[in-house]
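**Student:** Below are the sequence and a predicted model; questions follow.
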Amino acid sequence: MLNLSLPNDGSIIDLGIDFETYYDDAYSLKKMENFEYVMDPRFEIIGVGLCYNGQKEWISGTLDEIRNILRDLPWERIRAVAHNARFDASIIEWRLGLRPHAYLCTMVGSRAHYVPQAGSASLHAVAAYLGIGTKGDYVGKVNGLHRHQFSVHQLSEYGEYCKQDAALCLGVAERLNKILPVPEQRLIDLTIKKYVRPVLTLDRAYLVARLGEIERENEQLAQVLGQSFRLTLDQIRSRTKFAALLSGELAKSGDSVPLKRSKPTKAKPYGGQTFAFAKDDLGFKALLGHANPFVRTLVQSKIKLASTLEESRIKRLIQMHDLLDGKLAAPLVYYGAHTGRFSGDEKINVQNLPRVDKDKTTGAIRKGHIRYAIRASTGYSIVAADFSNIEARIVATITRQTDLVEGFRRGEDIYSAFASKIFEYPVNKTDHPKERFVGKTCILGLGYGMGYKKFHLKMLQEGIAMSEVEAARIVRVYRDTYSNIPKFWRAVEAAAAKFITDPSGMYPVPAGMIFAHERIILPNGMPIMYPGLSRSGDGLAFRSRYGSNHLKPVSEGDRGVSPNGPFIQSQQNIWGGAFTENIAQALARIIATTAELKLADYGLIAALQVHDELVYHVPTILVPKVIPMIESVMTEVVEWLPELPVAVEIHHGPTYGDAK
């Protein structure tokens with residue numbers, strides 16, 4: 001066993017760790033999500049590689065044998081370092097019953113600084129970029145081999161490969177320790193523990209009942225379509241059949257099926273053309289206002305019936321319930337977006353659960369059912385603390401739109417106030433919900449430069465009828481009323497063009513930020529990266545990447561070769577409004593995570609972090625004491641933006657739905 005040579009000062013040491021497990025063509029992390037792979041009956045550890053202070057060791061044996069060996073390590077003083085540490089942590093905690101002091105994931109930890117240059121989040125790419133060693137490829141030779149099937153020589157070779165991975169992880173960690181602020185390293189640890197040490201529970205009966213409701217709703221809609229329009233479910237759900245049907249109707253008015261550029265792939269590096277049938281595709285949404293009522297019906301039906309997100313999410317949550325003793329293991333990706341925001345994963349994505357929407361007359365739930373399936377344990381409550389319109393407040397503050405800032409500070413109903421200006425009569429939340437919703441959409445969306453066409457389609461999608469002329473008027477009213485905001489768009493774009501494209505450029509801007517070469521340095525020292533930012537036509541563009549933020553591997557031995565395979569680089573246009581959105585999201589994320597870390601110092605560990613919201617699992621008897629503490633911390637003056645008026649809404653209840 002490794003001689004850890006622990007210092008006597010009680011400090012925490014980094015231990016590189018890498019598990020090699022059985023996989024085959026049917027059972028692998030390419031085919032399954034992490035929780036189902038690790039908890040599957042077929043799961044088998046082939047061996048584990050360890051690295052500390054230049055020493056490397058390979059341990060192979062049965063699950064019990066490995067557990068008996070590893071339990072002798074002083075886990076209370078170990079930070080386990082791994083590439084895609086969520087996987088290794090799942091094995092350590094769920095399969096071996098061990099609890100390290102902390103975790104560091106070198107894959108997600110590299111996302112902010114190294115991945116944009118390395119071109120991939122793989123251990124191979126990051127290690128090569130840092131020049132710390134070469135990753136082997138032996139894992140590709142062991143597909144379908146159980147441990148007892150390895151020869152002595154094969155097991156030895158596999159061990160050398162695995163030990164090298166553990167050593168590379170430790171090498172990346174040494175670099176991250178120099179560049180990644182300690183608070184960010186703590187966030188990585190807390191994020192992994194939200195997954196491997198879950199506290200929230202799942203209501204299986206509720207999930208099953210909701211699944212039945214969805215199936216009945218779809219059957220009823222299918223019957224209506226069949227009786228009224230002679231349409232079948234297959235015609236709606238099949239992209240080619242739906243395209244043929246829609247094309248025939250659109251041709252009557254001289255229109256055509258909307259298309260969009262498909263994402264680049266290895267086979268088509270520049271992408272191609274595909275049908276724009278997603279609910280957020282602008283061309284498709286525009287058909288919701290088409291003059292032909294049958295076209296509108298087709299589009300509405302497609303949006304409803306083609307979306308299986310809620311169904312698939314519920315099925316996966318039921319599976320998680322059954323595998324993890326009823327717990328919700330929250331799969332979050334640290335720095336999932338290039339602004340630093342977390343993203344969801346494992347086809348559950350707790351970051352974008354639909355918000356609760358109830359019928360005000362009957363109280364029936366129209367949206368957000370899944371939130372009611374996330375429950376607190378007996379004797380506990382869920383406390384959800386949400387920063388109130390934090391991004392809009394940040395935009396108003398950094399653009400010095402003082403009237404808007406003061407309105408937020410005084411606690412005015414900003415949405416109703418702006419709606420009153422739009423519609424030229426007094427609007428309030430109780431009597432004018434639709435008008436206020438328009439005002440809310442303007443305040444939250446137009447600050448990033450949304451144009452009138454996109455705003456018009458947004459309104460149509462929300463069931464609010466208005467003409468493009470009216471949409472254009474509303475956008476003009478917003479920009480005239482809050483004129484400092486569009487001025488900021490132009491200023492920030494000019495600064496980006498001058499300083500972010502210049503290798504020697506560096507320019508301080510409000511809120512403690514610095515514009516530097518290919519990046520905006522944030523007040524916490526982390527960057528928003530714009531690799532290859534350059535002038536493109538009349539604007540700017542940078543190298544972006546396509547693909548989800550999932551931590552899916554390309555091969556079993558290189559878990560997380562990107563977030564989802566090798567990066568496919570593409571030019572992404574960006575302008576002042578988009579820079580403003582990036583900045584607002586990044587600053588909001590810093591405010592939220594700063595509060596999370598401070599509350600963690602007080603012993604209050606978040607069970608979920610959902611964009612601008614922190615969710616806690618608290619003994620019900622302590623809720624009255626905990627809420628003031630949460631509010632006090634979350635509304636503290638922001639050191640690098642002291643004029644920002646911060647507010648928070650806090651609710652609690654037995655379920656996540658009740659706490660909204």
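**Tutor:** Received, thanks. Numbering: from 1, shown residues only.
**Student:** Could you check the protein and say which of its helices or strands has the lowest average pLDDT?
**Tutor:** strand 568-574 (a mean of 73; mean pLDDT, DSSP states H and E).
**Student:** what is the mean pLDDT for stretch 478-487?
**Tutor:** For stretch 478-487, the mean pLDDT works out to 97.
**Student:** in that stretch, what's buried?
**Tutor:** For stretch 478-487, the neighbour count (16 or more other C-beta atoms under 10 Å) marks 478-479, 481-482, 484-486 as buried. All C-beta spots, glycine's among them, are computed from the backbone N, C-alpha and C.
**Student:** where exactly do the helices run in the stretch 151-300 of the chain?
**Tutor:** With DSSP state H, counting those that start in this stretch as the criterion, the stretch 151-300 of the chain has helices at 152-179, 182-196, 204-229, 233-237, 239-251, 282-286, 293-306.
**Student:** Adding mean pLDDT, distance to Ala511 and mean neighbour count, write those helices out as CSV.
**Tutor:** Output for the helices of the stretch 151-300 of the chain, formatted as CSV (pLDDT from 0 to 100; distance: least, C-beta to C-beta, whole Å; neighbours: other C-beta atoms under 10 Å):
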stretch, mean pLDDT, distance to Ala511, mean neighbour count
helix 152-179, 97, 22, 20
helix 182-196, 98, 18, 21
helix 204-229, 89, 42, 14
helix 233-237, 82, 47, 16
helix 239-251, 89, 45, 15
helix 282-286, 83, 31, 18
helix 293-306, 84, 39, 17
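**Student:** Switch the ones you listed over to CSV; also include distance to Glu470.
**Tutor:** Compiled in CSV, these are given as follows (distance: least, C-beta to C-beta, whole Å):
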stretch, distance to Glu470
helix 152-179, 50
helix 182-196, 44
helix 204-229, 31
helix 233-237, 31
helix 239-251, 25
helix 282-286, 15
helix 293-306, 19
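**Student:** I'd like the distance between the residue nearest in space to the middle of the chain and Asp189.
**Tutor:** Residue closest to the mean C-alpha point of the chain, counted by C-alpha atoms, centre = their mean, is Ser343 at 1.0 Å. Ser343 sits 18 Å away from Asp189, taking C-beta to C-beta, to the nearest Å as the criterion.
**Student:** show me what contacts the nearest residue to Val427 once chain neighbours are set aside?
**Tutor:** Using C-beta to C-beta, 6 or more residues apart in numbering and skipping the chain neighbours, the partner closest in space to Val427 is Ala419 (4.1 Å). The contact partners of Ala419, by C-beta atoms under 8 Å, 6 or more residues apart in numbering, come to 427, 432, 435-436, 438-440, 442.
**Student:** domains in the protein, as residue ranges please.
**Tutor:** Domains of the chain are assigned by automatic domain parsing as 13-180, 204-310, 402-481.
**Student:** how about the ones you listed, which one is nearest Met320?
**Tutor:** Taking C-beta to C-beta, domain 13-180 is the member of the domains of the chain nearest to Met320, at 5.9 Å.
**Student:** Please state the offset of the closest one from the chain centre?
**Tutor:** Mean-position distance between domain 13-180 and its chain equals 24 Å (C-alpha atoms, centre = their mean, to the nearest Å).
**Student:** and Ile78, backbone torsions?
**Tutor:** With angles defined as degrees, to the nearest 10, Ile78 sits at phi -110, psi 130.
**Student:** Likewise for the one 3 residues further on?
**Tutor:** Backbone torsions for Val81, taken as degrees, to the nearest 10, come to phi -110, psi 120.
**Student:** so what's it up against?
**Tutor:** 14-17, 103-104, 106, 169-170, 173.
**Student:** Okay, and the beta partners of it?
**Tutor:** According to DSSP bridges, the residues that bridge with Val81 are Gly16, Leu104.
**Student:** quick one on the thing from earlier: and the helix or strand just after the least confident helix or strand of the chain with helix 182-196, angle?
**Tutor:** As assigned by DSSP states H and E, the chain's next helix or strand after strand 568-574 is helix 576-601. If you take axes from the mean of the first three to the mean of the last three C-alpha atoms, to 10 degrees, helix 576-601 sits at 80 degrees to helix 182-196.
**Student:** immediately after helix 576-601, which helix or strand?
**Tutor:** strand 608-610.
**Student:** I'd like the mean pLDDT over that next one, please.
**Tutor:** Strand 608-610 shows a mean pLDDT of 93.
**Student:** cool, and stretch 102-121?
**Tutor:** The model assigns stretch 102-121 a mean pLDDT of 94.
**Student:** gap between the two ends of that stretch?
**Tutor:** Stretch 102-121 has its terminal residues 22 Å apart, counting by C-alpha to C-alpha, to the nearest Å.
**Student:** Just the buried positions in it, please.
**Tutor:** Within stretch 102-121, the residues that count as buried by 16+ other C-beta under 10 Å are 102-116, 118-121.
**Student:** what does stretch 317-328 give?
**Tutor:** Within stretch 317-328, judged by 16+ other C-beta under 10 Å, the buried ones are 317-318, 320-321, 323-324, 326-328.
**Student:** Show me what it is in contact with.
**Tutor:** By C-beta under 8 Å, 6+ apart, stretch 317-328 touches 35-36, 39, 94, 198-202, 204, 207-208, 211, 329, 348, 350, 370, 373-374.
**Student:** CA-only coordinates of it in PDB, if you can.
**Tutor:** Listed next in PDB are the C-alpha coordinates belonging to stretch 317-328 (Å, rounded to 0.1, in the frame of the first residue of the first chain):
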ATOM      1  CA  LEU A 317     -36.200   9.500 -12.000                       C
ATOM      2  CA  ILE A 318     -38.200   6.400 -11.200                       C
ATOM      3  CA  GLN A 319     -35.100   4.300 -12.200                       C
ATOM      4  CA  MET A 320     -32.900   6.500 -10.000                       C
ATOM      5  CA  HIS A 321     -35.400   6.000  -7.100                       C
ATOM      6  CA  ASP A 322     -35.200   2.300  -7.400                       C
ATOM      7  CA  LEU A 323     -31.400   2.100  -7.700                       C
ATOM      8  CA  LEU A 324     -30.500   4.700  -5.000                       C
ATOM      9  CA  ASP A 325     -32.900   3.900  -2.200                       C
ATOM     10  CA  GLY A 326     -35.300   6.600  -3.200                       C
ATOM     11  CA  LYS A 327     -32.800   9.400  -3.300                       C
ATOM     12  CA  LEU A 328     -32.300  12.200  -5.900                       C
END
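**Student:** Okay, strands next: where are they in the stretch 251-400 of the chain?
**Tutor:** For the stretch 251-400 of the chain, the strands defined by DSSP state E, counting those that start in this stretch occupy 259-261, 273-275, 332-333, 343-344, 357-358, 365-367, 374-375, 380-387.
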